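Chemist: mind folding the following:
(2 chains)
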Amino acid sequence: MTPDLIEALGRIVGSRWVRHRRAELTTYAMDGLPTRESYPGVVVVPADAAEVREVVRLLHLIGVPFVARGAGTGLSGGAVADPDAVLITLTRMNRILRIEPGRRRAVLQPGVVNARLSEAAAPHGLQYVPDPSSQTACTVGGNVAENAGGPHCLKYGVTTNHVTQLEVVLSDASVVRLGSPQGDPWGPDLVGLFVGSEGMFGIATEITVRLEPIPPTVRTMLADFPTVRSASEAVSSIIAAGVVPAALEMMDRACVAAVEASIYAAGYPTDAAAVLLVELDGQTEAVEAEAGMVAGILRERGAREVRSASSPADRARLWQGRKKAFGAMGRIAPDLAVQDAVVPRSALPDIMDRIAEIRDRHRLSISNVFHAGDGNLHPNISFDRHDSAVAARVSEACREIMAACVEAGGSITGEHGVGSDKLDYMPLIFDGESLAAMHAVRRAFDPWEAANPGKVVPLRACREWLAAPGAR
Amino acid sequence: MSDPIYTRLRALLGSGGVERDADGLPRATPESPDALSLVCRLAHEEGWKIRIEGQSTWLAADAPADLAVSTRGLDQVLSVSPADLVATVQAGAPLDTLRRRLADEGMWLALDPPGRPERTMGSIVATATAGPLRHGFGPVRDHLLGCTVATGDGRVVKAGGKVVKNVAGYDLTKLQVGGFGGFGIIAEVHLRLRALPRADVTLIARGPRDDLTFAARRLVEARLSPAALELLSPALAAEPEWVLAARFLGTDAAVQAEVGGLGSGGDLAWEALPAERTAAFWGAVARGSLGGPITIRLGVLADGVDEALDLVAHDLDEGLLSAGPGSGMIRWTGDAPIERLRGVRRTAAAREAPMTIERAPWALRRAMGHFGAYREGVGQLVGRLRDSFDPGQCLSVALEGGE
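Modeler: I've put the predicted structure just below:
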């Protein structure tokens, strides 16, 4: 990046908010994906929407691409910029602009940390539901870009179900307001299109979200099973019975072992093949009655023991093991590839067998923690990325796991996004025409392809879309 | 004039794949997404205008066109999976047929759109017309996992997938839900289902509108979770007074607990509908939206429902009016001069509430558009999206209106 550009950016945001020295850029060279490293040309940290607009206007003028970034907790290499691009970090824009309890809405800047929003809403008896495992660090702006999920999305939906309106700075620095405060689209559903576009349609500078009432009663249950198959069948039986748990999470033996050996030990039984965490919420009488039903189903399906956490402290402890599972796995090896894929719920037992087979064949350590209720798997591979032979086996195993999930009727990502990590897998689920349609939508928002270039859609796999009629 | 078109379509689809409508317009009835795309491609190459048709029970088949493309040949329920609670359905499949098929296997689709029970899935998705169940189960988009569409120039595009959680690529399904066919013709949809609830209880209370909205607000604040909470005008409810209807669905235990909470929440005299009347009651509410030539919806915040109801009742009429005091969705059906409708749209827009024309004769759709004017900068964006998905402007759909 030229000194002129660095100086011009400094004039917009103040020189202390422009970072360009190698040592300063190290923080931004990766996100949560350990296998992709790239130093951005320069990092700029704007204070507000006006500064974002000015920065983008300048970059548009001189034709320099940009990448928006929140806390950098993403797991698909989506928030990493090439040396020819400017990284726009939004963490200074961390103000909750207002909470409107009567309307059950909050309006906030993109850099607000997810967990902080629920904390701020709690005094009003409200919460922001999407709760990715990184919620104490990740930003809502990043959640919007990735359409982030979390354990409680089973009942309440993912980020896209909770965003009603967005103010967006497009690549030419124009500003558009998408959606409406209530949530009904104003025209086509452009908020729905924008959420999950991984920073490639523009930068959201103001986000309006729906808040939900905190349920009167919450009950967390823990059951351990002798086989993954019996635990999976229990999951399907609970849902078939018409009970909609707030969360339904599973951990396999390797995951439980990692948790119990760490400072996050939650008292999970280490000899179980699978542990299920079931959470019910709602009116007290309903939760009590449904908890009885669920306990019956769990036992019927072979649970050895069913524990129920009633006090908030016990509930938090049961959840801590699940929420900190990734941290616990981090102890095992220097690096952790947190994978993400989806299969139809009924395919869970078979896919677990396939993953075990892939693990053994590549001689890797894989622990599984997943949102069993919606078939969203997180096979996590512990490894050392500096050992190139192992890294190659990890990459091959990931590819095989993705192919197996697609073969089972699933998808290559449920909540982490495609980013740069999964570009090559996109043709496994989308043909050239459908990929080209995605690219055309991206070009409708960003004809200059300046926002987060090179992610999500593998351009070489697209069929020509913009050709004149008859050229095909 | 249309003979060459009829002949070309026959050559493409065979004699069973094309017919004439009452006015003699050629109507193609393709039976697969590929056949649908071939029709679109031909129309694109020849510069013919296409009118998209389902059962024509919701939007009238009156858009000017050189040919009609009907989804009635695409009426199959392709797959249902009780274990995964997912179904794949062709766009022309009627909702009531699907509902019966699902019920046989212990499942249901949590949508209760306005209109007739045989409305096609394609129509419900393209117009994004959710009914009272929107309160508990969200708008139409929340029930779609993916779809297959034919673009205006005949490309087959697949969006989303068959799993309940999926962030692979951009979420193009959202463009089709509520796109009124302006971005392509929906051929197939993947739907998210639910286990058939064991209990289904509806209670109603009658009274002056103000009392009911006040009580409804208190219910919402009391953290009850009805599947539907709907305020209905006397004409829509076929009652002498306004009606507040609350529907609870779920396990017996959950429904009992919720209904118990309702009793303690206010001064309203709630009356539980007998089980055998529940379906008829909600069916009548849905069909009520066909009681006039025009249906509009407004999306307002919960604290603006009263004001918006006043606006509609005053500027249009109180006739067939419903509102979700929790969801903020207001729907009105009737007849009114275009100036009045424009006035309501302007006033609502000033309060940051979009007004969508869900149903109207072509002349009104043409003049006002389903959406009307967009907010600043959005029009260009939508224009580019339409250019991408219908580069020859073959799809006869009035999103913006001609004013």
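Chemist: near chain B, which residues of the stretch 51-200 of chain A?
Modeler: Residues of the stretch 51-200 of chain A lying close to chain B by C-beta under 8 Å from any C-beta of the partner chain are A:102-105, A:125, A:146-147, A:149, A:153, A:157-158, A:160-161, A:170, A:174-178, A:180-190, A:192-193, A:195-197, A:200. For glycine as for every other residue, the C-beta is placed from the backbone atoms N, C-alpha and C.
Chemist: would you list the buried entries among these?
Modeler: A:103-105, A:146-147, A:149, A:153, A:157-158, A:160-161, A:170, A:174-178, A:180-190, A:192-193, A:195-197, A:200 (16 or more other C-beta atoms under 10 Å in any protein chain shown).
Chemist: out of those, which are inside strands?
Modeler: A:105, A:175, A:176, A:177, A:178 (DSSP state E).
Chemist: and the two most separated of the residues you listed?
Modeler: Farthest-apart pair in these is A:105 and A:175; separation 20.3 Å (C-beta to C-beta).
Chemist: separation between residue B:174 and chain A?
Modeler: Computed with C-beta to the nearest C-beta, to the nearest Å, the distance linking residue B:174 and chain A is 3 Å.
Chemist: that residue against residue A:189, yeah?
Modeler: Yes: with contacts counted by C-beta atoms under 8 Å, residue B:174 reaches residue A:189, the gap being 4.5 Å.
Chemist: returning to that earlier point: and the buried ones among the residues of the stretch 51-200 of chain A next to chain B, which of them are in helices?
Modeler: Helix and strand membership here follows DSSP state H; of those, those in helices are A:146, A:153, A:190, A:192, A:193.
Chemist: for the first one, which residues are in contact?
Modeler: Listed by C-beta atoms under 8 Å, 6 or more residues apart in numbering or on different chains, the contact set of residue A:146 reads A:74, A:76, A:78, A:159, A:196, A:198, A:415, A:416, A:417, B:167.
Chemist: mind putting these into CSV with pLDDT and distance to residue B:184?
Modeler: Listed next are these as CSV, based on pLDDT from 0 to 100; distance: C-beta to C-beta, whole Å:
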residue, pLDDT, distance to residue B:184
A:74, 95, 31
A:76, 95, 29
A:78, 96, 28
A:159, 98, 26
A:196, 98, 20
A:198, 98, 23
A:415, 94, 27
A:416, 95, 29
A:417, 97, 25
B:167, 96, 22
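Chemist: pretty sure residue B:60 is in a strand, no?
Modeler: No: using DSSP: H, G, I helix; E, B strand; the rest coil, the secondary structure at residue B:60 is coil, not a strand.
Chemist: need the contact list for it.
Modeler: Under the criterion of C-beta under 8 Å, 6+ apart, the contact partners of residue B:60 comprise B:361, B:362.
Chemist: so what's the residue count around residue A:369?
Modeler: Applying the criterion other C-beta atoms under 10 Å in any protein chain shown, we find 29 residues in the vicinity of residue A:369.
Chemist: could you check how far residue A:74 is from chain B?
Modeler: The gap separating residue A:74 from chain B is 12 Å, by C-beta to the nearest C-beta.
Chemist: excluding its backbone neighbours, what's nearest that residue?
Modeler: Closest residue to residue A:74 apart from its sequence neighbours, by C-beta to C-beta, 6 or more residues apart in numbering or on different chains: residue A:31 at 4.5 Å.
Chemist: quickly find the element holding the one you found.
Modeler: Here residue A:31, judged by DSSP states H and E, is contained in no helix and no strand.
Chemist: hmm, it is touching residue A:87, no?
Modeler: No: between residue A:31 and residue A:87 there is no contact, the gap being 10.8 Å when judged by C-beta under 8 Å.
Chemist: shared neighbours of the two, which are they?
Modeler: When contacts are counted by C-beta under 8 Å, 6+ apart, residue A:31 and residue A:87 are jointly contacted by residue A:69.
Chemist: dihedrals phi and psi, residue A:198?
Modeler: As for residue A:198, its main-chain torsions (degrees, to the nearest 10) stand at phi 50, psi 40.
Chemist: and the lengthiest helix in chain A, what's buried?
Modeler: For chain A, the longest helix by residue count, based on DSSP H, is helix A:388-407. Neighbour counts over helix A:388-407 (16+ other C-beta under 10 Å) mark A:390-391, A:393-394, A:397-398, A:400-406 as buried.
Chemist: so where is the chain shaky, pLDDT-wise?
Modeler: Picking chain A for this. Filtered on pLDDT under 70, chain A yields the residue ranges A:465-472.
Chemist: my question was about chain B, not that one.
Modeler: For chain B, the ranges with pLDDT under 70 are B:1-2, B:264-266, B:403.
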